[in-house]
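In: coords please:
(chains A and B)
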Amino acid sequence: MDKIIEALNKGIEKAGVERQKVCLVTDIAYSPDVVDFLGIDLFHTTRGRAIPYATGMKLANPKLLPVVLFGDIATLGGNHFVHSCRRNIDIVLICVNDFVYREVGGETAPGDFPPISFSPYLSFEKPLNIPHMARSCGCVNVSRWTALHTNELTDSISHALQRTGLSLIDVISSVPDLLEFYYKNSELRNDEDTLNVAIEKDKKIIVGNFFNDEKPSFIEAYNEQHAKMLGDNFVKIEVE
Amino acid sequence: MKAVEKVFLKGKHTLSGFEACAEGALSAGCRFLGYYPIRPSFKIIERFIERSLDVDAVFVQMEDEISALAAVLGASWTGRKSMTVTSGPGFSQMMEHVGLGVMLETPCVIIDVQRSGVSEGLPNVAGGGDIMQARWGSHGDYEVIALAPNSPLEMFELTVRAFSLSERFRTPVVVLSDAVIGRKKEEITIPDQKDIKIEKRKYYKGKKEDYLPFKYDEKDLIPPMVDIGQGCRFHVTGLTHDERGYPVMSDSCQEWNVHRLVNKIRLFSDQIVEVEEDQTEDADVVVVSCGVVSLDAAKAVRQARDEGIKAGHLRLVTVWPFPEKRIYELAQKIDTFVVPEINYGQIFYEVERSGRGRAKTLFLHHSSSQIGQSADILKSIKKTRGNNK
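Out: This is a model prediction of the structure:
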């Protein structure tokens, strides 16, 4: 987790955005020290539901840059994820993909991949292919790194903060013992078709910048549609 | 500011309750609507969308009601007055975020157009079964504010008041309406924008680095707010938190936290509670009602008076906090309360509790099909005659 916060800090720096406009919205509790370290506001919301919270923030004040840290979307919040990708709202989604409910006390999440078990009888369920799910739902910027790919993750966050539209960064993370294992078992394949990046047992974790495209963001589409219908009567959502 | 003036209606207009509600929200300064379409509340959304695009208001159709209220809470922290509009099943979905709204002390308004029945029920038929859900729907201990309009004019006025109360008390406020009030049309007079009084959100004015999101004022128990992104570097969480907004997992912090959340409304309920009374001074029997039923109750009380029965009427304009002091005062003077509701007994329990055994309490199920009729209520009033002092 610290590695992700570290990369976020560097990413904000590198993007050159006004730091106080970045706000972190999370669905589980993180150490409040993050607030001072990053110099931003932090909202810890309900389980799995940080994305709609950030969506409201962005629409109500488009100058903000909400960054959402959320879990493996195994159950809660999957629908919010799907629709935020479809909507292409200008927020940055960082999926902390660690195959475990750490807060609950180590209950396992779907994922038969981790070499150590969080469950007494091992997990037999297949994890979601999160980058592919994002891509197929309309997400315009999809990448995956392990938590130890600090530089690459920093670059992805920086890029995501600077561009419009929704960005999804899938970060394979875990307890410290496993970080090194994941890092070593990863294989860089930029521009790989997301269909081929599912995490499977005994196979390499494919990392890289998978997809980067342009399409109107929610706010751009909202402005365009209503300006077309209403002409000068419409007051646009001002982004800058 | 472009065309802002255009958005505010003033003077006389024939509006439905749904339309008046949307106008009330806009007049109160609501500039964010997060919603998921559901019958029969959708007419409010349509009106808001239609009328909001020539001001700087934003609306978004979310993927469900859970996210609709989440978006509203997020939007409210940017400083925009925000609301959501829903009906029964959607209100059920929102409960998780009602709790978060209370815990993060986020001003917002929820318009609930109550429909009849459990679960999907009867979508287009008026109901009154969400009274207790508004009060207790989310887990844990908290206080809530809920208002119950009974006319299109009140759909306007109480929506305005809901925004005012939510800003003053930093809490979600529920407007419990229904489809009969919503569809009813009448000529209403909308005041000038300058005459619409809204309490302002209390903002923090000190140094940015000293800001503590839950450091409250002893006078009103309300912590001043800041908007997101102003550089105050604050942390808020739905977990039990201290004045810094940091999670603290201890009983003492829980007491500190929740005690104030409850007291900031409970101790100031006199500023919130509003009832309307008719002929209660010399009454032997008082009908207690709210929302659309109060129209039938008022009629029944007039009919009872015509027949020489000393009947009175108390209408709850605010359902929560409950006017328990006033009910107790009345209980000491009268024989019986009659509580007609479009449900199987909700306000009834509160009236019975508040009366502390000093008066009898009769419940009357007034079904959706009986809306507009007073015969059953009059019959109940007559039943109590034998008990007159």
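
In: what ranges do the strands span in the stretch 101-250 of chain B?
Out: B:108-116, B:122-126, B:145-147, B:172-178, B:185-190, B:235-237 (DSSP state E, counting those that start in this stretch).

In: And chain A, by the same measure?
Out: Here chain A has its strands, by DSSP state E, at A:22-26, A:41-44, A:65-70, A:92-97, A:100-101, A:107-108, A:141-146, A:167-172, A:186-188, A:205-212.

In: Reformat the strands of the stretch 101-250 of chain B into CSV and put mean neighbour count next to each item.
Out: (Glycine included, C-beta is placed from N, CA and C.) CSV is the format used below for the strands of the stretch 101-250 of chain B (neighbours: other Cβ atoms under 10 Å in any protein chain shown):
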stretch, mean neighbour count
strand B:108-116, 28
strand B:122-126, 17
strand B:145-147, 26
strand B:172-178, 29
strand B:185-190, 15
strand B:235-237, 24
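
In: so which of the ones you listed gets nearest chain A?
Out: strand B:235-237 (3.8 Å; Cβ to the nearest Cβ).

In: After the closest one, heading C-terminal, what element do we hit next?
Out: On the C-terminal side of strand B:235-237, the nearest following helix or strand under DSSP states H and E is helix B:251-266.

In: who's in contact with that next one?
Out: B:102-103, B:105, B:140-145, B:169-171, B:214, B:216, B:220-222, B:240-242, B:272, B:321 (Cβ atoms under 8 Å, 6 or more residues apart in numbering or on different chains).

In: ok, which of those residues also contact chain A?
Out: Among those, proximity to chain A is found for none (Cβ under 8 Å from any Cβ of the partner chain).

In: Give me the subset of those residues that lies in helices.
Out: Judged by DSSP state H, the subset of the contacts of helix B:251-266 located in helices is B:Val102, B:Met103, B:Phe169, B:Ile272.

In: And the residues you listed, which is closest to chain A?
Out: B:Met103 (9.7 Å).

In: With adjacent residues omitted, what lies nearest to residue 183?
Out: Because you didn't say which chain, this covers chain A. A:Leu148 (4.0 Å; Cβ to Cβ, 6 or more residues apart in numbering or on different chains).

In: not quite, I wanted chain B
Out: Here the residue nearest B:Arg183, using Cβ to Cβ, 6+ apart, is B:Ser16, at 5.8 Å.

In: same thing with B:Met62?
Out: Nearest to B:Met62 is B:Ala68, by Cβ to Cβ, 6+ apart, at 4.4 Å.

In: between the helix or strand harbouring that neighbour and strand B:108-116, how many degrees?
Out: Secondary-structure assignment from DSSP H and E places B:Ala68 in helix B:65-76. Here helix B:65-76 points in a direction 160 degrees away from that of strand B:108-116 (axes from the mean of the first three to the mean of the last three Cα atoms, to 10 degrees).

In: what about helix B:65-76, distance to the chain center?
Out: 17 Å (Cα atoms, centre = their mean, to the nearest Å).

In: Give me the next element, helix or strand, following that helix.
Out: Heading C-terminal from helix B:65-76 (DSSP H and E), you reach strand B:81-87.

In: could you dump that following strand to CSV, C-alpha only?
Out: Presented in CSV, the C-alpha positions along strand B:81-87 are these (Å, rounded to 0.1, in the frame of the first residue of the first chain):
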residue,chain,number,x,y,z
LYS,B,81,-26.4,22.3,-2.4
SER,B,82,-27.4,18.8,-3.5
MET,B,83,-30.3,16.5,-3.6
THR,B,84,-31.7,13.2,-4.7
VAL,B,85,-35.2,12.2,-5.6
THR,B,86,-36.6,8.7,-5.1
SER,B,87,-39.4,6.4,-4.1
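
In: what residue ranges in the chain score low on pLDDT?
Out: Defaulting to chain A. A:1, A:73-75, A:100-109, A:111-119 (pLDDT under 70).

In: other chain: chain B
Out: Ranges of chain B meeting pLDDT under 70: B:1-7, B:386-389.

In: care to break it down by domain?
Out: Chain B is divided into the following domains under automatic domain parsing: B:9-190, B:275-387.

In: need those in a markdown table with distance to A:Cys137, can you?
Out: Compiled in a markdown table, the domains of chain B are given as follows (distance: least, Cβ to Cβ, whole Å):
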| stretch | distance to A:Cys137 |
| --- | --- |
| domain B:9-190 | 11 |
| domain B:275-387 | 40 |
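
In: Flag every residue of the stretch 151-300 of chain B that's near chain A.
Out: B:227-239, B:244-247.

In: hmm, try it at 10 Å
Out: Counting by Cβ under 10 Å from any Cβ of the partner chain, the positions of the stretch 151-300 of chain B adjacent to chain A are B:208, B:213, B:226-239, B:241-242, B:244-247, B:249.

In: List only buried entries from those.
Out: B:213, B:226-239, B:241-242, B:244-247 (16 or more other Cβ atoms under 10 Å in any protein chain shown).

In: Could I get the full set of strands for the stretch 251-389 of chain B?
Out: B:275-278, B:285-290, B:311-316, B:318-320, B:336-341, B:360-365.

In: about what we covered before: quick one: closest of the strands of the stretch 101-250 of chain B to A:Ile219.
Out: Checking the strands of the stretch 101-250 of chain B against A:Ile219 by Cβ to Cβ gives strand B:108-116 as the closest, at 21.6 Å.

In: Just checking: what are the partner strands of the closest one?
Out: Using DSSP bridges, strand B:108-116 pairs in its sheet with strand B:81-87 (parallel), strand B:122-126 (antiparallel), strand B:172-178 (parallel).

In: I'd like these laid out as a markdown table, including distance to B:Arg39.
Out: Below are the strands paired with strand B:108-116 laid out as a markdown table (distance: least, Cβ to Cβ, whole Å):
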| stretch | distance to B:Arg39 |
| --- | --- |
| strand B:81-87 | 7 |
| strand B:122-126 | 4 |
| strand B:172-178 | 12 |
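
In: so which of those gets nearest A:His83?
Out: strand B:81-87 (16.2 Å).

In: buried stuff in stretch B:319-339?
Out: B:319-324, B:326-327, B:330-331, B:333-339.

In: Might you quantify the distance of that stretch from its chain's geometric centre?
Out: 19 Å.

In: and it, C-alpha only, in CSV?
Out: Extracted C-alpha coordinates of stretch B:319-339, given in CSV (Å, rounded to 0.1, in the frame of the first residue of the first chain):
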residue,chain,number,x,y,z
VAL,B,319,-42.4,14.1,11.4
TRP,B,320,-38.8,13.8,12.7
PRO,B,321,-37.9,15.0,15.3
PHE,B,322,-41.2,14.0,16.7
PRO,B,323,-43.1,16.7,18.6
GLU,B,324,-43.2,14.5,21.7
LYS,B,325,-43.5,17.5,24.2
ARG,B,326,-46.6,18.8,22.5
ILE,B,327,-48.2,15.4,22.3
TYR,B,328,-47.6,14.9,26.0
GLU,B,329,-49.1,18.3,26.8
LEU,B,330,-52.2,17.4,24.8
ALA,B,331,-52.3,13.9,26.3
GLN,B,332,-52.8,15.4,29.7
LYS,B,333,-55.9,17.3,28.6
ILE,B,334,-57.6,14.9,26.2
ASP,B,335,-59.0,11.4,26.3
THR,B,336,-58.0,9.9,23.0
PHE,B,337,-55.7,10.4,20.1
VAL,B,338,-56.8,9.0,16.8
VAL,B,339,-53.9,8.3,14.4
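
In: contacting residues for B:Tyr203?
Out: By Cβ atoms under 10 Å, 6 or more residues apart in numbering or on different chains, B:Tyr203 lies in contact with B:Gly79, B:Pro224, B:Met225, B:Val226, B:Asp227, B:Gln230.

In: Find the residue closest to B:Val286 in space, skipping its chain neighbours.
Out: Nearest to B:Val286 is B:Gly312, by Cβ to Cβ, 6+ apart, at 4.6 Å.

In: Quick check: the one you found touching B:Val275?
Out: No: counting by Cβ atoms under 10 Å, B:Gly312 does not reach B:Val275; the two are 11.6 Å apart.

In: So which of those two has more stuff around it?
Out: B:Gly312 (22 against 15; other Cβ atoms under 10 Å in any protein chain shown).

In: and the residue nearest to the spatial centre of chain B, what are its bridge partners?
Out: Nearest to the mean C-alpha position of chain B, by Cα atoms, centre = their mean, lies B:Ala146 at 2.4 Å. Counting by DSSP bridges, B:Ala146 forms beta bridges with B:Val174, B:Trp320.
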